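>>> please find the sequence and the predicted model below.
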Amino acid sequence: MLILKILWKNAFRNKLRTSLTLLGITIAILAFGLLRTVISAWYAGVEASSATRLVTRNSTSIIFSLPLSYKNRISQTSGVKTVSYGTWFGGVYIEEKNFFPNFSVEPQTFLDLYPEFLVSPNEKEAFLRDRKGFVAGRKLVEKYGWKIGDIVTLKGTIFLGDWDFVLRAIYRGRDKTTDESQFLFHWEYLNETLKKRNPYHPWVDQVGYYMIGVTRPEVGSAVAAAIDGAFKNSFAETLTETEKAFQQGFVAMSGAIITAIQLVSMVVIVIILAVVANTMAMTTRERMGEYAVLKTLGFGRKHIAGLIFGESFVITMLGCGLGIAATFPAAQVFTHTLGTYFPIFRVEPKTVYLDLAAGFVVGGCAGIIPAIRAIQIRIADGLRRIG
Amino acid sequence: MAIPISYNLRNLWTRRLTTSLTVSGMALVVFVFAAILMLANGLQKTLVETGSYDNVVLLRKGASTEVVSGVGKQQASIVETQPEIAIGQQGQRLLSKELVVLVNLTKKGSGTPSNVTIRGIDPQSHPLRPQVKLVEGRLPRWGSSEVMVGSSLVRRFNGANLNETLCCGMRDWKIVGIFDAGNSGFSSEIWGDGDQLMQAFRRPAYSSVIFRLRDPSEFETVKSRLESDPRLTLEAKRETRYYAEQSEMMAKFLRILGISLTIIFSLGAIIGAMVTMYSAVANRTAEIGTLRALGFQRRSILVAFLLESLFLGLMGGCIGLFFASFMQWITISTVNFQTFSELAFNFSLTLDIVYRGLAFSLIMGFVGGILPAIRASRMKIVDALRAT
């Protein structure tokens, strides 16, 4: 206990310097935590995916469609429980910056396949009955102030024109990782409208992807191979992968940016290491006389090194704690302002551990050079030295 | 009278460890600042160089990129009759009808699949894009399943070398040539015969129509005529603007990320400078008293300490920029969110970024040094001399 008291007193001997350093560490840990949370927000889709779901798409690339007729062949594959399908709609609500994901899906099977989208039975009934109806996530509805029964118009970028939809149901996420900002409507509505406009439209009776529920996670790879085999050498060859791999494919596309953010989050730690090391260097420089006195009294290297490292840890850990405490409210603010880019922005426990680890590394490294200097100085030199 | 600069430099040298730690903190901040600006700049440069001012791109109304656009054959022929289109050397109209689709290729190294643009061209595409030059092999023959590949793709993707085949659309496409299009986005594309690709991918319509204006100033005339034609559902843009718009979102993302990061990081570095300067002042109290007693004025003391801090900043700035300039050899390849396809671009350093980096480092030095310098200049001579 006494040791802690000495370390504490030592750390705050120069109040101005220590509080500046503390502020620096707090900011750095805050920045580090937020950057790490940005990275985990990127992976939110991967985290939320289920092991019992597969996604089948055109093997050429995601912009090509698959015929609706594949549905029956897929459902015949052994191990397949439910088959749902959908098409990325890419509609714009009023302005392009109001981005949210909007898909057309086969509603009944979709809701069966995604039990984490919770919809009350009445609303679900109303949504299934109304072909122009749509279901939207809680966050999305709150953001735009929609109410059940409202008509919402999206401007199509892939499928031209203005499309009217009626809000029939609002879904909630069962888990914290569920994206509550999606907009889902009937695939039939899209298909019928396209057919009416132009029976030869390339997307008539075509879907963007199939979502497949399998009976057990273990059969996933066998089912995927069976489906891809069934459509080999057809015009639209398929590529089936687990939902996780599918989502990871999207994340991997912006891999360079994620790597950059990871690097930058390391840089902030190095910057703060320089600041703390500087503080410790100056502290020990000023106290060389004291260390010489301690040496004269018979305290060994261990004690002196312990004093310096201890002080370094007291300062970094304190700053680290403040930084972690500040991360949570800051993440809240982020969710508000950047909700359109990152629907899930949550500080994970892993991030807090990384924060602590970073603080520990900084505390340790910052003490090395000053401790070596303090140990190596000869008593006479230390006593003679001023400032 | 001013205090000699050598006094400051020697002080920095005496406290080598502290000086180098402070400088390295600042150098890192300037490095990040410059690197992110270079990245945003490189991205924009790539996309702006892709377009040419005389060329007009026609896309379906409401489509922001070629991938989601569609131009019917009939509409394309109507565009072809416009009088403003330039005439080439053989008397042909400089207009090309192109198809753009995305296919998956796997990246070298990581092995992850990514979207690559295949552009179906017609004979006029070459005169419209003079920056595209064949570097290896030969041009694909018309009416055959042959393609040529951009040089950035060859370096970054598996199976994109000469004489290899790509298979998609139930056909094998033989790579017979490699082309280089400088820094432009075409270097990340695959080019083949448009009619063949349309057959293979069952596309009834072109993605875009591009033509050269016979006189660049006639853009507005032809734009308003085409856009008001009831037979057409097209939108005309200058090619330069079309490509600049494609880089907007990503460049904005990089800038916002970069600026918010550097602001946070610079706080750290400023604090580092402050810690250094405050202790420099505290340690030299007696020295300051002596200087004052010798007749140096308060202002000279202020300037001296401020200069010391500005030196720290300047050193940090120069070191940071020195290392950032090596980033120019690195090429980043990532998916552009707006077009959903792979694009390679470089970090590009301009004089403007150098100035900004240096200005930024001096600002950090100034902000970090001003408070300690004021404290130093305010000391009373007697108190300062008495301090040990």
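Happy to help now that I have it.

>>> just the strands from the stretch 201-350 of chain B, written as ranges.
Applying DSSP state E, counting those that start in this stretch to the stretch 201-350 of chain B gives strands spanning B:208-212, B:234-238, B:331-336, B:341-346.

>>> and these as a markdown table, adding distance to chain A and mean pLDDT?
To be clear about C-beta, it is placed using only N, CA and C from the backbone, and glycine gets the same treatment. Shown next, in a markdown table, are the strands of the stretch 201-350 of chain B (distance: least, Cβ to the nearest Cβ, whole Å; pLDDT from 0 to 100):
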| stretch | distance to chain A | mean pLDDT |
| --- | --- | --- |
| strand B:208-212 | 15 | 93 |
| strand B:234-238 | 12 | 92 |
| strand B:331-336 | 4 | 80 |
| strand B:341-346 | 8 | 83 |
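
>>> closest one to B:Val154 among the ones you listed?
Each of the strands of the stretch 201-350 of chain B has some distance to B:Val154 by Cβ to Cβ; the shortest is strand B:341-346, at 10.8 Å.

>>> helices of the stretch 1-150 of chain B, start to end?
B:5-14, B:16-50, B:73-80, B:125-128 (DSSP state H, counting those that start in this stretch).

>>> from the ones you listed, which stretch is densest packed?
Neighbour counts (mean count of other Cβ atoms under 10 Å in any protein chain shown) averaged over each of the helices of the stretch 1-150 of chain B peak at helix B:16-50, with a mean of 24.

>>> name the residues of the stretch 251-387 of chain A found near chain B, please.
A:252-257, A:260-261, A:264, A:267-268, A:270-272, A:274-275, A:277-279, A:281-282, A:285-286, A:369, A:386-387 (Cβ under 8 Å from any Cβ of the partner chain).

>>> what subset of those residues is buried?
Those of these that meet the buried threshold are A:252-255, A:257, A:260-261, A:264, A:267-268, A:271-272, A:274-275, A:277-279, A:281-282, A:285-286, A:369, by 16 or more other Cβ atoms under 10 Å in any protein chain shown.

>>> can you pull the buried residues of stretch B:87-98?
Judged by neighbour count (16+ other Cβ under 10 Å), stretch B:87-98 contains these buried residues: B:Arg93, B:Leu94, B:Leu95, B:Ser96, B:Lys97, B:Glu98.

>>> next: stretch A:228-247.
By 16+ other Cβ under 10 Å, the buried positions in stretch A:228-247 come out as A:228, A:231, A:236-247.

>>> any idea how far A:Leu4 is from B:Ile271?
Applying Cβ to Cβ, to the nearest Å, the value for A:Leu4 to B:Ile271 is 26 Å.

>>> neighbour count: those two, which is higher?
More neighbours surround B:Ile271 than the other of A:Leu4 and B:Ile271, with 28 against 10 (other Cβ atoms under 10 Å in any protein chain shown).

>>> what's the closest non-adjacent residue to the more buried one?
Leaving aside its sequence neighbours, B:Ile271 sits nearest to A:Gly24 (Cβ to Cβ, 6 or more residues apart in numbering or on different chains; 4.0 Å).

>>> element containing A:Val268?
A:Val268 belongs to helix A:255-286 when assigned by DSSP states H and E.

>>> tell me the two of the buried residues of stretch A:228-247 that are most distant?
Largest separation among the buried residues of stretch A:228-247 by Cβ to Cβ: A:Ala236 and A:Lys244, giving 23.6 Å.

>>> what pLDDT, on average, does the helix ranked longest in chain B get?
Using DSSP state H, we find that the single longest helix of chain B is helix B:239-283. If you average the pLDDT over helix B:239-283, you get 85.

>>> where does pLDDT dip in the chain?
No chain was given, so I picked chain A. A:338-341, A:385-387 (pLDDT under 70).

>>> that was the other one, I meant chain B.
B:1, B:388.

>>> which strand runs longest in it?
Scanning chain B for the strand with the most residues, using DSSP state E, yields strand B:95-106.

>>> tell me how far A:Arg53 lies from A:Leu239.
Distance from A:Arg53 to A:Leu239, by Cβ to Cβ: 15 Å.

>>> give me every residue that touches whatever residue of the stretch 51-200 of chain B ends up closest to chain A.
Chain A sits closest to B:Thr112 of the stretch 51-200 of chain B, with a gap of 4.0 Å, by Cβ to the nearest Cβ. The neighbours of B:Thr112, taking Cβ atoms under 8 Å, 6 or more residues apart in numbering or on different chains as the test, are A:Gly249, A:Ala252, A:Gly255, B:Thr106.

>>> so which two of those residues are the farthest from each other?
So, the contacts of B:Thr112 by Cβ to Cβ: farthest apart are A:Gly255 and B:Thr106, at 12.8 Å.

>>> I'd assumed A:Lys81 was in contact with A:Thr215.
Yes. In this structure A:Thr215 lies within contact range of A:Lys81 using Cβ atoms under 8 Å: 5.2 Å.

>>> for chain B, what's its nearest residue on the stretch 1-150 of chain A.
Nearest residue of the stretch 1-150 of chain A to chain B, counting by Cβ to the nearest Cβ: A:Gly24, 4.0 Å away.

>>> is the closest residue to B:Ala273 other than its chain neighbours in a helix, a strand, or coil?
Closest residue in space to B:Ala273, ignoring its immediate chain neighbours: B:Gly368 at 2.7 Å, by Cβ to Cβ, 6+ apart. Following DSSP: H, G, I helix; E, B strand; the rest coil, we place B:Gly368 in the helix state.

>>> can you give me the neighbour number for B:Gly368?
Residues near B:Gly368, counting by other Cβ under 10 Å: 28.
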